[in-house]
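S.K.: turn this into a model:
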Amino acid sequence: MTPFFKRNLRRTLLGLFGATLVIGSLSACGHRGDHAWGANITAEQFAEKRDKMVDRVAGKLDLNADQKKLLGTVGDKLFEQRKALMGQTTDPRAELKSLIAGPKFDAAKAQTLINDKTAAVQTKSPEVVAAFGAFFDSLNPAQQQKVRDFTEGRHGWFHRG
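M.R.: So this is what the prediction gives:
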């Protein structure tokens, strides 16, 4: 081997390793995945995610079939409320950007937007509350205590410690 290769071989290999590490890190951070929780989630995508969550919670609380059905109903009502909050828009950011698109803030449009969202919450919330109430009331005292413990932050369901 010539002295040039002996001197620069290690430097070249470290440089290639560093470049590979940087490119790999950037591509990993840049990958967002298909989380499907954006504004355009379909009913089928939601149903799939709801079923996974129901199965996960059912495993933690030892739910029977009727309780699973009630928990699924809670999820469905939450999805309906979310759709009502979204309204007809497919791009909520564009809706918010339109408020500041002109030379002045469009306060009237902002107030209309807030009133629409508030009305959607007020009309759909009783259904959500009734569905969650029916689910919670169907739990036995031990299951209810597990839910209370979760809300207190003790023995969290998703804690991996």
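
S.K.: quick one, longest helix in this protein?
M.R.: helix 107-138 (DSSP state H).

S.K.: tell me the helix or strand right after that helix.
M.R.: Helices and strands here follow DSSP states H and E; after helix 107-138, the next one along the chain is helix 141-152.

S.K.: the inter-axis angle of that following helix versus helix 107-138?
M.R.: 150 degrees (axes from the mean of the first three to the mean of the last three C-alpha atoms, to 10 degrees).

S.K.: who does helix 141-152 touch, helix- and strand-wise?
M.R.: Applying 3 or more C-beta pairs under 8 Å, 6 or more residues apart in numbering; DSSP states H and E, we find helix 141-152 packed against helix 43-61. From N, CA and C alone the C-beta is placed, and that goes for glycine too.

S.K.: relative to helix 141-152, how tilted is the helix it packs on?
M.R.: Using the same axes, to 10 degrees: helix 43-61 against helix 141-152 is 110 degrees.

S.K.: go through the helix or strand just after helix 43-61 and flag the buried ones.
M.R.: In the C-terminal direction, the helix or strand that comes right after helix 43-61 (DSSP H and E) is helix 65-86. Residues of helix 65-86 classed as buried by neighbour count (16 or more other C-beta atoms under 10 Å): 67-68, 70-79, 81, 86.
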